[in-house]
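I would like to see how this sequence folds:
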Amino acid sequence: MQKDSKFFDDMARIASGAAGGFMEMKREMEGMVSHQLEKILQKMNLVTREEFDNVQGMLSKARKEQEEMKKKLEEIEKILNAGGKKS
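Sure thing, here's the model as predicted:
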């Protein structure tokens with residue numbers, strides 16, 4: 001009976017060791033895949049999130065300024081057209 005118990009204890013230790021080994025392999029593989037993916041993305045010359053947000057902010061500001069200039073131009077045109085009709 002004790003031989004059976006010792007056998008099962010040994011088997012449990014082996015299974016536990018194998019599970020630990022597989023977990024370590026999994027971590028190693030994830031690290032390698034992550035590293036390769038980073039290298040590929042760097043070669044693609046993509047913009048960072050910060051760069052994208054900065055350009056998006058600049059674009060928003062430019063649109064706002066363009067709308068303001070459009071309104072001013074329309075006001076100036078109204079003034080010039082009104083002055084031309086009076087003569």
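
how is this protein carved up into domains?
Per the record, the chain has its domains at 1-46, 48-87, by automatic domain parsing.

which residues in the chain form helices?
2-43, 49-86 (DSSP state H).

export those to TSV and tack on mean pLDDT and mean neighbour count?
Placement of C-beta: from N, CA and C, glycine included. Shown next, in TSV, are the helices of the chain (pLDDT from 0 to 100; neighbours: other C-beta atoms under 10 Å):
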stretch	mean pLDDT	mean neighbour count
helix 2-43	88	10
helix 49-86	93	10
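
And the residue nearest the centre of the protein?
R49 (6.1 Å; C-alpha atoms, centre = their mean).

Against K61, how distant is it?
19 Å (C-beta to C-beta, to the nearest Å).

cool, and M25?
51 Å.

again with T48
20 Å.

Kindly report the same for E75.
Applying C-beta to C-beta, the value for E75 to K61 is 22 Å.

again, but for N81
Counting by C-beta to C-beta - N81 and K61 are separated by 31 Å.

do A19 as well
Taken as C-beta to C-beta, the span from A19 to K61 is 56 Å.

With A82 instead?
Distance of A82 to K61, computed by C-beta to C-beta: 32 Å.

E74 too?
With C-beta to C-beta as the criterion, E74 and K61 are 21 Å apart.

repeat for M69
The value you get for M69 to K61, if C-beta to C-beta is used, is 13 Å.

Also E50?
17 Å.

Equivalent analysis for K43, please.
32 Å.

Brilliant, that's me finished.
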